[in-house]
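In: Fold the following.
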Amino acid sequence: MIQDYFKLAFKSLKQRKTRSILTLIGIFIAILTIFVLLSLSLGLSEFVNEQFEILGTDKFIIQPKGQAGAPGSGGAVELTIDDVNIIEKVNGVDIVAYAAVGNAKIEFNDKARYYLAIGIPIEDSTIIDFFFESANLKMDEGRFLRNGDKKKIMIGYNYKYKDLFGKPARTGDKIKLNGVEFEVIGVVAAVGNPGDDQQIYISLEDFKELYDSGNRVDFIYAQIKTGEDLKQVADRAERQLMNFRDVDEKTIDFTIQTPEELLATIGTVLNILTAFLVGIGAISLLVGGIGIANTMYTSVLERRKEIGTMKAVGARNSDILLVFVIEAGILGLLGGFLGLIVGIIVAKTIEYIAAVYIGSNMLRASLNPLLIIGSLAFAFLIGVVSGLAPSYQASKLKPVDTLRYE
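Out: Numbering: from 1, shown residues only. Here you go, the predicted structure:
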């Protein structure tokens, strides 16, 4: 019996091809929009989770509070080497690494660009290794900075593989930083976003000379000892640093964040963004649902005689209702399927463009099975819901009235 219902529904859709296609477009656009937005949003969330997995669960980060823009871009509050010394003495802290950040004029091949320069201490190889591990930096060619390096520089991935200066920069090349010449000793492997892949790294001593930054520090990484509780150690560090800087809960001028706290903060932002994007897609979905309802109402009017004939030969109200509901559901499902296919293509195209032309793998298309199945189920459900009222109206028509209808 169910097979017969589906045959009748498909037959009706075929007979009204043009109207069916126009109705499909509404659901097609809605599912396409929602899928692309959610796919990219989930992909961004996956990227963020991966970055925090790399950072690990045994580290916390300290930064000045109220910093406007990127580290080193300015602010009334500063951390210093003295603060680093306090953190190193906190019970449970194993290794501490730190860095200063500044905007740099970078000159190469007679061209000038402005990117971030990061100054790191290079006297202790353990601290150097810990810093690069925390920042998830690996080498594409050359080597890391090491003790004794003077006027040496590590450059980001994009200097070699993107057309930043008209030709690729490699190890051995000379690059000017704020008018001072440095020798490239290494090219950092791709991190995954343009900001990181356009950074440069120099020794903290060279940084101080270029920026006259004194003992300023823009962020501190701290790793706890094995067996210690991250939150407890972070709380101890906060209390001791507050005492040293003579601040209280109201005047505290720095932040200490664990990976979980950072992830929760970013997760909240991503959830708000996702809700906003879904809201935009829901507008298209509403339009598509209205289109299905309109088509079904028109179909009921055109098929009153057919409904009367079906009832005259024994069809029950529930049979009529089911035929029309299935027809509406098929419209929604077909529109959703087409929207899903094109949505995957569009999302993957955006991912490709971001990776190749922007140099970022933050924008990625998530093909989560739940998202795919959910999109199709949602499209079918919208079709059914949109068709319920006209289907119910069709089921309540009286045979005598329908057979007399012209």
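
In: Now do residue 141, the pLDDT please.
Out: On pLDDT, residue 141 comes in at 93.

In: which SS state does it fall under?
Out: Following DSSP: H, G, I helix; E, B strand; the rest coil, residue 141 is assigned to strand.

In: Run through the residues that contact it.
Out: 160, 170-171, 186-187 (C-beta atoms under 8 Å, 6 or more residues apart in numbering). Where C-beta positions appear, they are placed from N, C-alpha and C, glycine not excepted.

In: of all those, which comes closest to residue 333?
Out: Using C-beta to C-beta, residue 160 comes nearest to residue 333 of the contacts of residue 141, at 48.8 Å.

In: any residues touching the helix or strand harbouring the closest one, and which ones?
Out: Under the criterion of DSSP states H and E, residue 160 resides in helix 157-161. Helix 157-161 is contacted by residues 108, 140-141, 164-165, 168-170, 187-191, 194, 197-198, 200, 359 when judged by C-beta under 8 Å, 6+ apart.

In: now it, how far from the centre of its chain.
Out: Once both centres are worked out by C-alpha atoms, centre = their mean, to the nearest Å, helix 157-161 turns out to sit 23 Å from its chain's centre.

In: List the buried residues for it?
Out: For helix 157-161, burial by neighbour count (16 or more other C-beta atoms under 10 Å) applies to 157-160.

In: ok, back up a step: mark which of the contacts of helix 157-161 are part of helices, please.
Out: 194, 197 (DSSP state H).

In: Cross-reference the contacts of helix 157-161 with the strands and report the matches.
Out: Under the assignment DSSP state E, the contacts of helix 157-161 contribute 108, 140-141, 187-188, 200 to strands.

In: Of the residues you listed - the most surrounded one?
Out: Counting neighbours by other C-beta atoms under 10 Å, the top entry in the ones in strands among the contacts of helix 157-161 is residue 188, with 26 neighbours.

In: Just list whatever residues bridge to it.
Out: residue 139 (DSSP bridges).

In: Would you mind measuring from it to residue 389?
Out: Noted for residue 188: a distance of 61 Å to residue 389, by C-beta to C-beta, to the nearest Å.

In: on that earlier part again, need the ones in strands among the contacts of helix 157-161 in CSV with distance to residue 175, can you?
Out: Putting the ones in strands among the contacts of helix 157-161 into CSV (distance: C-beta to C-beta, whole Å) gives the following:
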residue, distance to residue 175
108, 5
140, 16
141, 15
187, 12
188, 14
200, 8
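
In: about what we covered before: out of the contacts of residue 141, the closest to residue 148 would be?
Out: Nearest to residue 148 among the contacts of residue 141, with distances taken as C-beta to C-beta, is residue 186, at 15.0 Å.

In: Excluding covalently adjacent residues, which one is nearest to that closest one?
Out: Residue nearest to residue 186 in three dimensions, not counting chain neighbours: residue 142, with 3.2 Å by C-beta to C-beta, 6 or more residues apart in numbering.

In: circling back: adding distance to residue 370, write the buried residues of helix 157-161 out as a markdown table.
Out: What follows is the buried residues of helix 157-161, written out as a markdown table (distance: C-beta to C-beta, whole Å):
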| residue | distance to residue 370 |
| --- | --- |
| 157 | 34 |
| 158 | 35 |
| 159 | 40 |
| 160 | 39 |
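
In: Which parts of the one helix or strand residue 43 maps to count as buried, going by neighbours?
Out: Using DSSP H and E, residue 43 sits in helix 17-55. Under the neighbour-count criterion of 16+ other C-beta under 10 Å, helix 17-55 has 19-20, 23-24, 26-45, 47-48, 51, 55 buried.

In: Equivalent analysis for stretch 197-213, please.
Out: Applying 16+ other C-beta under 10 Å to stretch 197-213 flags 197-204, 206-207, 209-211, 213 as buried.
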